[in-house]
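Trainee: All I have is the shape, not the residue letters:
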């Protein structure tokens, strides 16, 4: 019997419930999973279907009124250490809309449809189907779009992204270009401000080329009177018009976007993020399996996206393809994954990553960790050599 991801919807009525599930299943399919791996529970089927040991994420919809809905279910979930996200339509009224049991949890304000994408990302992150780090890179030409770049930096930071913007994100004393490529290698999405002179700069051309090489999703904000660039593999154009800009001015670096346009960008970023990460995951996984087939090593890709590898003695090893720069949380997730793998005869676990464009000092740090941690690392460019040794 396959363990299902449980999504629990309780509390008051929310007009966006159906939209949440629609977009969630769309992202799930893009991540290479099946709708059948998810169970939707409400107060009507909770007691018949809930499995305390299955991965679970609960949305509690706050509502006006003196009666607190589904309190028994909520207490059961909290007792089981379930992730519960309080959702309200107005955070200024948060404490009056939710049970006191949730008062210490940061709530989510859902008052408009374009906020659904961000909520879906929170669910996927809660299930570890999207990584918790939310990295974003803004590529732009300073003398044409610096004001918009700063606007987006501030708004996306408010929305929980770790945003790279060159003038804000590189500390003094750091090698500028080396740190820039390192941050791009670890990003989820590139927001490209596609102004008429964007490709007239060598630096912006290189940024676009690097993003394409690494299969990073690109959201192109296309300025009025300009057209989208075709160089990127996974690129979504968002065409701006004069009315999207304050005072209808868009022709210089001081031009700025209206809030409605900024909100649209945030929604599109959330939408593109899952597809971008899925594409990068597929690329590194496919490259590893191709190397294994080439040298005659038996590998088996599991539905949970890890790879079982048999060594020359018939022992099973676990390889976990990783996006971006392996961090402490990556190792923790890997340990949790290994602990729930069906086979009890796992002889080793490895984090597979792409070191290209990652700073050399970080690669050396990962190599040093290999000497001390039970989970080791494999560079994708050295995968074939590693497979020949096992």
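Mentor: Noted; the coordinates are in hand. Note that the structure is a prediction, hence the values are computed from the model and not measured.
Trainee: where exactly do the strands run in the stretch 1-150 of the chain?
Mentor: Applying DSSP state E, counting those that start in this stretch to the stretch 1-150 of the chain gives strands spanning 5-11, 38-41, 56-61, 83-88, 108-109, 135-139.
Trainee: Reformat the ones you listed as CSV; add distance to residue 312.
Mentor: Just so you know, the C-beta spots here come from the backbone N, C-alpha and C atoms, and that holds for glycine as well. Below are these laid out as CSV (distance: least, Cβ to Cβ, whole Å):
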stretch, distance to residue 312
strand 5-11, 36
strand 38-41, 39
strand 56-61, 40
strand 83-88, 42
strand 108-109, 50
strand 135-139, 38
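Trainee: so which of those strands comes closest to residue 97?
Mentor: Set against residue 97 and scored by Cβ to Cβ, those come closest in strand 83-88, at 4.6 Å.
Trainee: Report the mean per-residue pLDDT for that closest one.
Mentor: Mean pLDDT, strand 83-88: 93.
Trainee: Against which helices or strands is that strand packed?
Mentor: strand 56-61, helix 71-79, helix 94-97, strand 108-109, helix 116-126 (3 or more Cβ pairs under 8 Å, 6 or more residues apart in numbering; DSSP states H and E).
Trainee: Show me what that strand pairs with in its sheet, parallel or antiparallel.
Mentor: Strand 83-88 has the following sheet partners, assigned by DSSP bridges: strand 56-61 (parallel), strand 108-109 (parallel).
Trainee: Chain neighbours aside, what residue packs nearest to residue 8?
Mentor: Distance criterion Cβ to Cβ, 6 or more residues apart in numbering; nearest residue to residue 8, sequence neighbours excluded, is residue 58 at 4.1 Å.
Trainee: is the one you found in a bridge, and if so with what?
Mentor: residue 8, residue 84.
Trainee: tell me, how many neighbours does it end up with?
Mentor: Residue 58 is flanked by 23 other residues according to other Cβ atoms under 10 Å.
Trainee: of all the strands paired with strand 83-88, which lies closest to residue 295?
Mentor: Nearest to residue 295, of all the strands paired with strand 83-88, is strand 56-61, at 40.2 Å by Cβ to Cβ.
Trainee: Distance across stretch 221-238, terminal residue to terminal residue?
Mentor: 5 Å (Cα to Cα, to the nearest Å).
Trainee: model confidence over it, on average?
Mentor: Mean predicted lDDT for stretch 221-238 stands at 76.
Trainee: Ok, stretch 40-53 next?
Mentor: The average pLDDT within stretch 40-53 is 92.
Trainee: In a markdown table: the helices and strands packed on strand 83-88, plus distance to residue 6 and mean pLDDT.
Mentor: Shown next, in a markdown table, are those (distance: least, Cβ to Cβ, whole Å; pLDDT from 0 to 100):
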| stretch | distance to residue 6 | mean pLDDT |
| --- | --- | --- |
| strand 56-61 | 4 | 94 |
| helix 71-79 | 10 | 93 |
| helix 94-97 | 24 | 90 |
| strand 108-109 | 19 | 92 |
| helix 116-126 | 11 | 90 |
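Trainee: most packed of these?
Mentor: A comparison of the helices and strands packed on strand 83-88 by mean neighbour count, using mean count of other Cβ atoms under 10 Å, puts strand 56-61 on top with a mean of 23.
Trainee: Pull the residues that contact that one.
Mentor: By Cβ atoms under 8 Å, 6 or more residues apart in numbering, the residues outside strand 56-61 that reach it are 5-14, 17, 20, 50, 70, 74, 77, 80, 82-88, 98-99, 102, 119, 123, 126-127.
Trainee: Out of the strands of the stretch 1-150 of the chain, which is closest to residue 261?
Mentor: Closest among these, using Cβ to Cβ: strand 135-139, at 15.2 Å.
Trainee: Does anything pack onto that closest one? Which helices or strands?
Mentor: helix 142-158, strand 162-164, helix 176-185, strand 189-194, helix 202-213.
Trainee: switch to 7 Å and redo it
Mentor: helix 142-158, strand 162-164, strand 189-194, helix 202-213 (3 or more Cβ pairs under 7 Å, 6 or more residues apart in numbering; DSSP states H and E).
Trainee: That one to strand 189-194, inter-axis angle?
Mentor: 10 degrees (axes from the mean of the first three to the mean of the last three Cα atoms, to 10 degrees).
Trainee: in its sheet, what does strand 135-139 sit against?
Mentor: With DSSP bridges as the test, strand 135-139 is paired with strand 162-164 (parallel), strand 189-194 (parallel).
Trainee: could the helices and strands packed on strand 83-88 be laid out in TSV, adding distance to residue 182?
Mentor: Listed next are these as TSV, based on distance: least, Cβ to Cβ, whole Å:
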stretch	distance to residue 182
strand 56-61	32
helix 71-79	40
helix 94-97	38
strand 108-109	31
helix 116-126	23
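Trainee: Can you tell me which of those is nearest to residue 269?
Mentor: Comparing the helices and strands packed on strand 83-88 by their distance to residue 269 (Cβ to Cβ), the top pick is helix 116-126, with 8.3 Å.
Trainee: give me the element the nearest residue in space to residue 366 that is not next to it in sequence is part of.
Mentor: Leaving out its chain neighbours, the residue that sits closest to residue 366 by Cβ to Cβ, 6+ apart is residue 377, at 5.1 Å. Using DSSP states H and E, residue 377 falls within strand 375-379.
Trainee: Remind me what that strand packs against, helices and strands.
Mentor: helix 328-340, strand 346-353.
Trainee: Please repeat the previous calculation with a cut-off of 6 Å.
Mentor: strand 346-353 (3 or more Cβ pairs under 6 Å, 6 or more residues apart in numbering; DSSP states H and E).
Trainee: relative to strand 375-379, how tilted is the strand it packs on?
Mentor: Inter-element angle recorded for strand 346-353 and strand 375-379: 40 degrees (by the same axes, to 10 degrees).
Trainee: can you map out the strands along the stretch 251-390 of the chain?
Mentor: Under the criterion DSSP E, counting those that start in this stretch, the stretch 251-390 of the chain contains strands at 299-301, 307-310, 316-321, 346-353, 375-379.
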